[in-house]
Structure formats: structure tokens, C-alpha cells
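> From the sequence below, what's the structure:
(chains A and B)
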Amino acid sequence: MEKIRTRFAPSPTGPFHMGSARTALFNYLFAKKENGVLVLRIEDTDKERSSPEWEKDIIENLKWLGIEYQEGPIRQSDRIQVYKKHLEQLLEQGRAYYCFCPQEELEAQRQEQMSRGEAPKYKGTCKTLSKEEVQKKLAEKTDSVIRFSAESKTITFKDLIRGEVKFDTGLTGDFVIAKDLSSPLYNFSVVIDDAEMQITHVIRGEDHISNTPKQILLQEALGLSRPIYAHLPLILAEDRTKLSKRHGDNSVARFKNEGYLSEAIINFLALLGWNPGDNREIFSLEELVKEFSIERIQKAGAVFNLKRLEWINGFYIRKMPIEKLAELCLPYLKGVGDIPFQTLQEVAALHQERLKKLSEISEIADFFFTENLGYPKEMLLWKDYKEKDIAKALETVAAVVSDIKEKEWNRKKLEEVLLKKAEEIGDKGYLLWPMRVALTGKKASAGPFEVADILGKEKTIERIEKAKSLLDLG
RNA sequence: GGCCCCAUCGUCUAGCGGUCUAGGACAGUGGGUUUUCAAUCCAUCAACCGGGGUUCGAGUCCCCGUGGGGCCGCCA
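Numbers count the residues shown, from 1 in each chain, chains lettered A, B, ... in the order given. Have a look, this model is predicted:
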């Protein structure tokens, strides 16, 4: 059997986004599952919009996500001569021709056709130009493009996800395949490359489905074989339209920077439009490779649900070894203060089950590394107690805590003595709430025993005294 | 407007003619645990777009309608 070859073919015209990442993932999963090859092809024929910066972004983030390709990156801009050869061939055969129609004129025609309820298509004005006329205009450097002389027929292709799809190419007309011999356009270069790179399966977004008949027509004209197509459902925003820049920054880099884990993103993306057929929700890349099947890909578009991504991310954070979590959290705490790794590990462990994304560590645990807590004194108040009562509570806490020997300072001991005292009083919150606020400066945080343990005796007492000094002893 | 694609809880989805009084997950709500937050456990809310067929029987097959989306570039 012929070896399966898929390709991921992004254009480096902007940040690598989640939609592209999912397309890349599905190509990877399919190829890997079938023991095939994934080719990375950079579609940078648009010289104005493409940039090496975005190419780098694609490559780096694919790597970060763990999506490996076996061939490439192959840059289309390095293959201009190849396309030129085929372009000349088509021109020679009369399957393509130069078109000198001004863009404004064509735009006006399109508008008119649409308003008349017709399919907008090129009328073929320049198709009948004589060789001499063409040569003359070319010599005069009249603006021109190269059009494909498209056959008018019904194209039927089998889509692995959608079944049989039919198009009437008579509605499309002669489309532009190159700006000039050295500037091929998407539909043209894609056909050449998929054939030359022996791509067996073209797996891409549904937004390309209407390009497919054009590409098939070109394949037929060039005598190239037709790959098998699979058009993936789109990833949608909340408003159910295609996820795009309009909806804000959905780049992979953004999610990476916010502290989403690659495992979580992969897992989330895979389940957006695909499922294993049972109730399992958690999959590693390796497991996905094993379970993946193109038949189980959904037909309808799927809304990108951030809450679900957060849940999956939190799940992976909770499963992570502490040392690794601490390491990953470090960048988000830079600039907060001095951070001993030992302390960082303890802090990471304490907040592991509280994090939805790594970046949250800075607002949730910054108080460990700074003395500047800056909370309003009202925050120290528990229930209806007066300031002087709360001051008394803090005094009690300070006293109880001071009795603990330095070497006995741990959360178990703290809990033991403080809880004992709190139970004597009868209202645990009366002692523990102000203590916790004094230590953290936050309404919501990890528990006071754990925090005091990590902070150490000296800092703990210091912060309690500081809190007490804020209160009116009246 | 033309062409194409699609249609089960708010969202992601299971379901491939009878086991569906439609299952799971996220979110929401209520509760247990608890000094706050989180985690966790339990419970709860919530859907087959409409109409015709086919069939003994339809969420599942067919048709029409409706709705949504994609494309209609000298972008990809």
C-alpha cells in the first residue's frame, strides 16, 4: 500500500492561531496513526503579507505543542521556478492566458453580476486576444495577470468527512492563477506542491472546500493525480462565526504566554470536532494518535469554549510534578521579589489545585515574596466584630504562635495549637480569618496554617503585628 | 444574491432503526466538607429546529422548509 502523506500548509501572514493548530494536529494524528509522513509547507507566495517572523512563530509553536513533521519546512518562495515551468506549460497549451482587464472594471462587473443575482465570474474578455495583441501589451508593460482557462463542468469529489461533494465550475469562470510568471497564486502553487510532494491526503479547514473544484480542474489540466480530501469543520467564536482576529487574540503564543500547557491545548483542540466515541475526555498526544480516526470527525463547526480549556488546563496542572510546576511558575513571579526555589516549590504545591493557568500564580501567591501587602484594614474584620476585638484576636494568634519552637514550626503544629485555641473560643473564623488576611492581604487565599508554615515564624509574627497596628484599639 | 456545507442540553458531544422516560463532560444552580478561596463528593437545571414521508417502529433513513455558517480576491 502507498504510504500516507499529509501536509500542514500555513501561510506566515500572522500569528499562528488555534484554528491552524488544530488543522496541524489532525494532519499529524492522521499521518502518525497511519505510519505516514507529515510535511510542513510554508505558503509564502504572497510577498507583501508573508514574513519570516510569522514563519518562526509557526515553527516554534508547532514544536512547543509537540506536533512533529518529518519533512520541511518547505518554502513556496523557494520554488518559484517550479511553478513558472508549469505556468509556461499551461500558457503554451492555451490552458492559461494573460488578462489585462483593470481591477476596478472587474470589481464593478462582480458587483453588477451579484446585484443581478448571478454568480460573479470573469467574462473571458482577454481570452480571445491574439498572440500579437498579448505580446504588444506585455511589451508595453500593461498590468496583467495569468488566468486559467477553466472547463465548465460538474466536479464531484469524495470528502472523507462530508461524503460526495459536487460543484459546477461553470459558475466560477476563469480564475487567476498567477500575477505573473514568477508570482503564482495559492490555488496554483498548492496543486503543484501537493502533487510533487506526493501528498495523499489533504486535510484542511472547511473554508477551503470551495477552492477544491478549482484545484481539481488544475490537476486535470496538468495531468496530476488527485489527493483524497477531508475538510475539517471550522472553529467558531461565541457568535458562531469563524474564529478570527475580529474575536481578539487567539494565537497559540497568547495561550502559551498566559500559562496554558501544551498538553491541555492539544487535548482541548482534539476534542473540538472529534471524540473517541465514548465518555473519555483526557488524552495525551500519544493516546490521541492511537485513538484517532477521521471517521469520527464532526461535520458541524465547534464553538471555542474558554471555560472548557481552563478546566482541562487546571486538570493538567493538578497532575504535574511539583518541581516542574515551580519551574513553570517562576517566569510569572519575576520582579515580585527574591524567590528561593525551595520556597517556590512549596508555594507551587500549595496552589497547584487553585490554578487554571500558570499566570494566575502571580496574583494568587505574590504575597509570599513581597512585604507590601497593601490591603485595607476592613478586610481583617470577621463578621460583626469590632476592630478592637479583631486586634485582640490577632494578639492571641501572635501569642499562641510565639510559643511554637522554631524547629517545630510546621503546618501540623500550627493547626494543632491554633485550632485548639479557636475551639476554646468557639468561633474559628474569629481567630483564623484575621490571621489569614494578615498573612496574605487577600479575601481569598490558601489556608493560614499552610501560609504561616511557608512564611516562617519570623515573618508570620511580623505580619500579624503589622495587621494589629492597622486597627483602632479604641 | 449565487454556490457549497451544516443542524441533539448555554457549550463540546454520545447516539450509526427498537435497549432514548436521550447518556457524558464543561458551564450554571443547590448542598456536603470548610476560617476564606480552591480542590473534592452528591444532587439539580437543561436538547433531538419545523413539516411531510419510508417503516410495525425515527433523534437515527429520504424530501421540503427554516435557521446557521463558509466561499464568491491580482489573500491563503
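> so who does the closest residue to residue A:27 other than its chain neighbours touch?
Sequence neighbours aside, residue A:6 is the residue nearest to residue A:27 in space, at 4.3 Å (criterion: Cβ to Cβ, 6 or more residues apart in numbering). Placement of C-beta: from N, CA and C, glycine included. By Cβ atoms under 8 Å, 6 or more residues apart in numbering, the residues touching residue A:6 are A:27-28, A:30-31, A:36-39, A:199-203.
> Okay, now the unreliable bits of chain A?
Filtered on pLDDT under 70, chain A yields the residue ranges A:1, A:474.
> residue ranges of the strands in it, please?
For chain A, the strands defined by DSSP state E occupy A:5-8, A:37-42, A:71-75, A:96-99, A:145-148, A:154-159, A:163-168, A:176-180, A:183-184, A:201-205, A:228-232, A:235-236, A:302-303.
> right, so the ones you listed: which one is the most enclosed?
Of those, the one with the most neighbours on average (mean count of other Cβ atoms under 10 Å) is strand A:5-8, at a mean of 26.
> For the stretch 101-250 of chain A, list the residues in contact with RNA strand B, please.
A:101-103, A:106, A:110, A:114, A:117-121, A:143, A:145, A:162-163, A:165-168, A:171, A:175-176, A:179, A:185-187, A:206-211, A:233-234, A:236, A:239-242 (Cβ under 7 Å from any atom of the strand).
> Show me just the buried residues among these.
A:101, A:106, A:120-121, A:145, A:162, A:165, A:167, A:175-176, A:179, A:185-187, A:206, A:208-209, A:233-234, A:236, A:242 (16 or more other Cβ atoms under 10 Å).
> re earlier: of the residues of the stretch 101-250 of chain A next to RNA strand B, which belong to helices?
Among those, DSSP state H puts A:103, A:106, A:110, A:114, A:186, A:187 in helices.
> is it true that the second one touches residue A:122?
So the one you mean is residue A:106. Yes: look at residue A:106 against residue A:122 with Cβ atoms under 8 Å: they come within range, at 7.0 Å.
> Name the nearest residue to residue A:216, ignoring sequence neighbours.
residue A:155 (5.3 Å).
> gap between residue A:7 and RNA strand B?
12 Å (Cβ to the nearest atom of the strand, to the nearest Å).
> give the contact list for that residue.
With contact set as Cβ under 8 Å, 6+ apart, residue A:7 has these partners: A:27, A:38, A:39, A:40, A:41, A:193, A:194, A:197, A:199, A:202.
> burial measure for the residue nearest to residue A:374 when sequence neighbours are not counted, as a count.
Spatially, and ignoring its direct neighbours in sequence, residue A:374 is nearest to residue A:441 (6.5 Å; Cβ to Cβ, 6+ apart). Around residue A:441 there are 20 other residues, counting by other Cβ atoms under 10 Å.
> Specify the residue ranges that define each domain of chain A.
Under the assignment automatic domain parsing, the domains of chain A span A:1-72+A:187-319, A:320-368, A:377-470.
> Could I get those domains in a markdown table, plus columns for distance to residue A:83?
Listed next are the domains of chain A as a markdown table, based on distance: least, Cβ to Cβ, whole Å:
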| stretch | distance to residue A:83 |
| --- | --- |
| domain A:1-72+A:187-319 | 5 |
| domain A:320-368 | 44 |
| domain A:377-470 | 60 |
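> of all those, which lies closest to residue A:78?
Nearest of these to residue A:78, taken as Cβ to Cβ: domain A:1-72+A:187-319 at 9.0 Å.
> Leaving out chain neighbours, which residue sits closest to residue A:210?
Nearest to residue A:210 is residue A:167, by Cβ to Cβ, 6+ apart, at 7.3 Å.
> swap in residue A:4?
Closest to residue A:4 by Cβ to Cβ, 6+ apart is residue A:36, at 3.0 Å.
> One more: residue A:28?
residue A:67 (4.7 Å).
> how much space between that neighbour and RNA strand B?
18 Å.
> which residues touch that residue?
A:8, A:21, A:24, A:25, A:28, A:38.
> Could you rerun that using 10 Å?
By Cβ atoms under 10 Å, 6 or more residues apart in numbering, residue A:67 lies in contact with A:8, A:21, A:24-25, A:27-29, A:32, A:38, A:40, A:61, A:262, A:266, A:285.
> With respect to RNA strand B, which of those residues is nearest?
residue A:8 (11.1 Å; Cβ to the nearest atom of the strand).
> Skipping adjacent residues, who's closest to the closest one in space?
In space, residue A:8 is closest to residue A:24, 4.3 Å off (Cβ to Cβ, 6+ apart).
> tally of neighbours for residue A:253?
So residue A:253, with other Cβ under 10 Å, has 15 neighbours.
> Residue A:349 now?
Residue A:349 has 15 nearby residues by other Cβ under 10 Å.
> I'd say it and residue A:326 touch.
Yes: Residue A:349 lies in contact with residue A:326 (Cβ atoms under 10 Å); the separation is 8.0 Å.
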